[in-house]
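> pasting the sequence and the predicted coordinates here, then a few questions.
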Amino acid sequence: MLLGFTCRDNKTSASIRDYLSSKGQIFAQREVTIEGQVYQRMLIKSGPSNVRYQVNAIQAVQASQNQTTAINILDINGIPFDPNFEDDYIRSYEVLVFDWQTISIRQNPSRRGNKPKHIDEGQFKKGAEMAKRALYVLGLDYGMVTVAVTARKRLHVINVDSSPLIRERDLSVVLRKLDNLIDLANHPGDREVRLGADPEFMLYNIKNGNMTPASQFFPRDGVVGCDALRTPNRQSRPIAELRPRPAYSPRRLLANLEDAMQTAYRLAPYKNIKWLAGSRPFQGYSIGGHIHFSNVELNNHILRALDNYLELPLFLLENQATAVKRRLKYGYLADFRIKDYGGFEYRTPASWLVSPQIAAAVLCLAKVVASNYLYLTRNLFLSPEAQRAFYEGNQEHLRLMFHDIWSDIKKLEMFQVYAQELQIIEDMVNSGTSWDEKEDIRRSWGLTRVGVKKNELLLLEIPGEEELPIYEYTAPSYSRRSRGIFHDRTIPLGINYWNRNDRNNNQYDSGPVYINTHNHFY
């Protein structure tokens, strides 16, 4: 592999460079000047792999050290940053992070003269999360973030250092992590990535134009259930969630997902109810298409690959009128959650249940990206302009980057395995077509053909419905060309989505998912 590392000249950096030199041959080394300071950029050749792995890319270091750029990027992501912070903060914390993991936290003396001490992450959990996210959105993998706490208990980033001076104890942890990176990059694909999903949808009552809570039909737990989020009066749960069994094959996972859809339809087969997917079917309620990954290590590089090679193409398919509102608190870049089964859940995409063709493409693309993330190294979100375009729904700005992203994906050997499923993404992006969030997903999935007795297909009359709160339905806007496109597209011939013998699976039931707001640190 080729391991790249950028660091400023100091004692800690010299120790890291010496250690990396002992792990392989120095392939290249040069000096670069960033904001008036001299940095060393080195490439180490270690092992037989052709993977190129960068720790603190030069562009990321430049962004973090340019005050204007850093302020803009962190502000876009809801992180207050002021290197000249003069408010009356009561204490500050130096959070040392490597690859989204906290190595140490040093609590500095307050102005009352207390001695500095190191504390556990649990004692400063919110500040540690802010520090990790600050490094990630700046494009860094390693560094120290200083977070100040005001008298009103608000958090502010006041410094980001990509080459900090650290104690020997922390240095040994950093070197072990670099060792793990070298081992990981030299043995890619040792374990096959396993996929899971728990996409969400909501119910729209055609008869009265209101939202119908999912808890009217679906249980809390099981293959079909309700998300943990409740309505404001806590009488009901509005969001439905599908929890198909996980699979190594995305085609098998799609078959499991269809089984879950059929189960849901048998529980709610009513004609006057529409099932809606997408970003935000109702005002105040956002939904997602969460994808689970296991047998793969969580690190900055896989999160960046998912943001760039999975989410960016999906961003170009979404209806941005609703997607922008969803991203205010949910669905931001690198929105993930660690799960108790040892994997993690990627929460950035909106609900892709809009059609089986799009669902198949999303799951296949997730498999390709997660299995090959070490070879997918572009980070198109290094600039504040790209990140702002993402959060403001500027598809035209990011559409210019799609060709490079898709070209990288097409070069992968695994792409050929799923080329037919993935074609719909390229077709829709090239034609400027967005998916239809107004369409009843039962129709696009062909669920009206599920065997249900005719006398069960009645207009919905929910007992006590008049006592439930009224929810306004906000219909998203659609251009003429986006309506109905690709709804008649059929599954390509020669692909058996319903092969139940694709891979053995264990029983799986995902836990509840809560809407995450930790990107706003107030």
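Thanks, I have the structure now.
> tell me the domain ranges of this structure?
If you go by automatic domain parsing, the domain ranges for the chain are 2-186, 194-480.
> just name the most buried of those.
Across the domains of the chain, the average number of neighbours (mean count of other Cβ atoms under 10 Å) peaks for domain 194-480, which reaches a mean of 19. Every residue, glycine included, has its C-beta placed from N, CA and C.
> now that one, how far from the centre of its chain.
12 Å (Cα atoms, centre = their mean, to the nearest Å).
> surely residue 65 meets residue 35?
Yes: Residue 65 lies in contact with residue 35 (Cβ atoms under 8 Å); the separation is 4.3 Å.
> dump the domains of the chain into JSON lines; add mean pLDDT as well.
Shown next, in JSON lines, are these (pLDDT from 0 to 100):
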{"stretch": "domain 2-186", "mean pLDDT": "93"}
{"stretch": "domain 194-480", "mean pLDDT": "89"}
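> and stretch 300-315, how far apart are its ends?
For stretch 300-315, the first-to-last residue distance is 20 Å (Cα to Cα, to the nearest Å).
> residues contacting it, please?
Where contact means Cβ atoms under 8 Å, 6 or more residues apart in numbering, the residues beyond stretch 300-315 that reach it are 53, 99-100, 136, 141, 293, 296, 323, 333-334, 336, 346, 348-350, 352, 362, 365-366, 369-370, 373-374, 376-381, 390, 395, 398, 401-402, 405-406, 408-409, 425, 429.
> how far away is residue 346 from residue 424?
According to Cβ to Cβ, to the nearest Å, residue 346 stands 20 Å off from residue 424.
> for the stretch 201-350 of the chain, just list every one of the helices.
With helices called from DSSP state H, counting those that start in this stretch, the stretch 201-350 of the chain shows them at 250-267, 300-305, 312-315, 320-326.
> CA atoms of the first one as PDB?
In other words, helix 250-267. What follows is helix 250-267, C-alpha atoms only, in PDB (Å, rounded to 0.1, in the frame of the first residue of the first chain):
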ATOM      1  CA  PRO A 250     -28.100  -7.000  -2.100                       C
ATOM      2  CA  ARG A 251     -30.500  -9.000  -4.300                       C
ATOM      3  CA  ARG A 252     -31.300 -11.300  -1.500                       C
ATOM      4  CA  LEU A 253     -31.800  -8.300   0.800                       C
ATOM      5  CA  LEU A 254     -34.200  -6.900  -1.800                       C
ATOM      6  CA  ALA A 255     -36.200 -10.100  -1.800                       C
ATOM      7  CA  ASN A 256     -36.400  -9.900   2.000                       C
ATOM      8  CA  LEU A 257     -37.500  -6.300   1.700                       C
ATOM      9  CA  GLU A 258     -40.300  -7.300  -0.600                       C
ATOM     10  CA  ASP A 259     -41.400 -10.000   1.900                       C
ATOM     11  CA  ALA A 260     -41.600  -7.300   4.600                       C
ATOM     12  CA  MET A 261     -43.600  -5.000   2.200                       C
ATOM     13  CA  GLN A 262     -46.100  -7.800   1.600                       C
ATOM     14  CA  THR A 263     -46.400  -8.400   5.300                       C
ATOM     15  CA  ALA A 264     -47.100  -4.700   5.800                       C
ATOM     16  CA  TYR A 265     -49.700  -4.700   3.000                       C
ATOM     17  CA  ARG A 266     -51.600  -7.500   4.700                       C
ATOM     18  CA  LEU A 267     -51.700  -5.500   7.900                       C
END
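> can you start the count at 427 instead of 1 from here on
Sure, I'll start numbering at 427, so the last one becomes helix 676-693.
> just checking, which of the contacts of stretch 726-741 belong to helices?
The helices, defined by DSSP state H, take in 562, 749, 788, 791-792, 795-796, 816, 821, 824, 828, 831-832, 834-835, 851, 855 from those.
> surely residue 624 is within a helix?
No: under DSSP: H, G, I helix; E, B strand; the rest coil, residue 624 falls outside any helix and is assigned strand.
> correct me, but it touches residue 718?
Yes: counting by Cβ under 8 Å, residue 624 does reach residue 718; the two are 7.3 Å apart.
> what is the end-to-end distance of stretch 768-785?
From the first residue to the last, stretch 768-785 extends over 25 Å; the measure is Cα to Cα.
> kindly report the same for stretch 487-503.
End-to-end for stretch 487-503, by Cα to Cα: 18 Å.
> same check on stretch 574-589?
20 Å.
> ok, and the closest non-adjacent residue to residue 428?
Nearest residue to residue 428, sequence neighbours excluded (Cβ to Cβ, 6 or more residues apart in numbering): residue 478, at 4.7 Å.
> need phi/psi at residue 859.
phi -90, psi 140 (degrees, to the nearest 10).
> got a list of what residue 652 touches?
640-641, 644-646, 663, 665-667 are the contacts of residue 652 under Cβ under 8 Å, 6+ apart.
> what do you get for residue 874?
So residue 874 contacts residue 868 (Cβ under 8 Å, 6+ apart).
> touching, the residue nearest to residue 428 and residue 453? I think so.
No: applying Cβ under 8 Å as the test, residue 478 and residue 453 come out as separate, 10.4 Å apart.
> list residues touching both of these two?
Common contacts of residue 478 and residue 453 (Cβ under 8 Å, 6+ apart): residue 428.
> against residue 675, how distant is the nearest residue to residue 790 once chain neighbours are set aside?
Using Cβ to Cβ, 6+ apart and skipping the chain neighbours, the partner closest in space to residue 790 is residue 844 (3.8 Å). Residue 844 is 10 Å from residue 675, where distance means Cβ to Cβ.
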